[in-house]
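**Student:** coords below, sequence missing:
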């Protein structure tokens, strides 16, 4: 079984934690990881882009000049795409870009992302982290103690009692907080460090084992 170090809020290693191989110890499937990231980004698109077709542009009812005898190209309307101010050919219209991956693929993608963080040594486990007040400096000190210099994802075991942590971390650039039930493959791969509260690790293993 894979093992990771467990740290306290002062950045000191207090113990080690054994991780389940079927969640944190599989061989990452890069093709499924790619498919999962593409799916996530596609589902984030609003799809609100819209431009006018030639039938929607105002004017252009009259033929600009007679068909023959002028020496110029024949035209039937100034609403055609080749005209300045004309409609757009194959104009984009509002639509949904959403699509879904099957459950088995989603589970493999999540396990691959988690395992990749363990393999790269970018997963840090916190023995526990509680806050009694809203204070960004407390979270910043934790990141410094863990030697986190780049982007980091902090995974908590829930929202209710961790509300102070979530609000305090919101002011720190490059740090994002999330919960086990909202964890996604894109965030795991997008952030350099994967910091998980010990209680959240057991919940992740419970869901994906």
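**Tutor:** All right, it came through fine. Fair warning: this is a prediction, and the values are worked out from it, not measured in the lab.

**Student:** what comes up buried for stretch 47-54?
**Tutor:** With burial defined by 16 or more other Cβ atoms under 10 Å, the residues of stretch 47-54 counted as buried are residue 54. C-beta: built from backbone N, CA, C; applies to glycine.

**Student:** tell me how far the ends of it are from each other?
**Tutor:** For stretch 47-54, the first and last residues are 21 Å from each other (Cα to Cα, to the nearest Å).

**Student:** ok, residues contacting it?
**Tutor:** Applying Cβ atoms under 8 Å, 6 or more residues apart in numbering, the set of residues contacting stretch 47-54 from outside is 60, 77, 79-81, 86-89, 91-97.

**Student:** swap in stretch 64-78?
**Tutor:** 54, 59, 60, 61, 63, 83, 85, 86.

**Student:** pLDDT for those - can I get that in JSON lines?
**Tutor:** Output for those, formatted as JSON lines (pLDDT from 0 to 100):
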{"residue": "54", "pLDDT": "94"}
{"residue": "59", "pLDDT": "90"}
{"residue": "60", "pLDDT": "88"}
{"residue": "61", "pLDDT": "88"}
{"residue": "63", "pLDDT": "93"}
{"residue": "83", "pLDDT": "94"}
{"residue": "85", "pLDDT": "92"}
{"residue": "86", "pLDDT": "94"}
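
**Student:** ok, which pair from these is furthest apart?
**Tutor:** Taking every pair in those and measuring Cβ to Cβ, the maximum separation is 16.5 Å, between 63 and 85.

**Student:** mind showing which ranges of the chain have poor pLDDT?
**Tutor:** Within the chain, the stretches with pLDDT under 70 are 1, 160.

**Student:** Buried residues of the longest helix anywhere in it, list them for me.
**Tutor:** Counting by DSSP state H, the longest helix found in the chain is helix 103-119. When neighbours are counted by 16+ other Cβ under 10 Å, the buried residues of helix 103-119 are found to be 106, 108, 109, 110, 111, 112, 113, 114, 115, 116, 117, 118.
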